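Undergrad: Next come a sequence and a model predicted from it.
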Amino acid sequence: MGNRDDRYDDIKPLVVSGRIKFFSDIFKYIPKTVVAKDLGKKGDRFTQLIKQLDGFTLKDLFLMAKFFRIDEAQMLDLVMKEYLANKDKVIKSDL
């Protein structure tokens with residue numbers, strides 16, 4: 001991560017205040033392309049991972065937590081809330 005995007009600093013206060021409730025909410029404040037590039041992922045692949053969270057590795061999630069300066073538990077909480085909110089859609093589409 002060369003020059004750190006200033007928008008990364010916006011994420012932690014929004015997580016703490018509860019304005020960011022789900023993992024995907026993060027990308028209302030910082031573009032997916034910025035995070036994907038810093039994570040070493042192609043944009044299309046990153047977008048697909050956001051839609052299917054179980055494709056992310058813990059290493060990816062924890063690295064993003066570091067980018068956003070939140071702890072790993074906060075990142076996992078955001079991902080878990082997103083996963084549970086979309087679980088019924090995922091199960092129905094897999095049938």
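TA: Here it is on my side, so go on.
Undergrad: What are the phi and psi values at the most centrally placed residue in the chain?
TA: Most central in the chain under CA atoms, centre = their mean is Phe23, positioned 4.4 Å from the mean C-alpha point. As for Phe23, its main-chain torsions (degrees, to the nearest 10) stand at phi -50, psi -50.
Undergrad: and it, what is it in contact with?
TA: Taking CB atoms under 8 Å, 6 or more residues apart in numbering as the definition of contact, the neighbours of Phe23 are 50, 53, 75, 78-79, 81-82. In short, each C-beta sits where N, CA and C put it, glycine included.
Undergrad: Return the members of the residues you listed classed as buried.
TA: Among the contacts of Phe23, those that count as buried by neighbour count (16 or more other CB atoms under 10 Å) are 50, 53, 75, 78-79, 82.
Undergrad: mind listing which of the residues you listed are in helices?
TA: Using DSSP state H, the subset of those located in helices is 50, 75, 78-79, 82.
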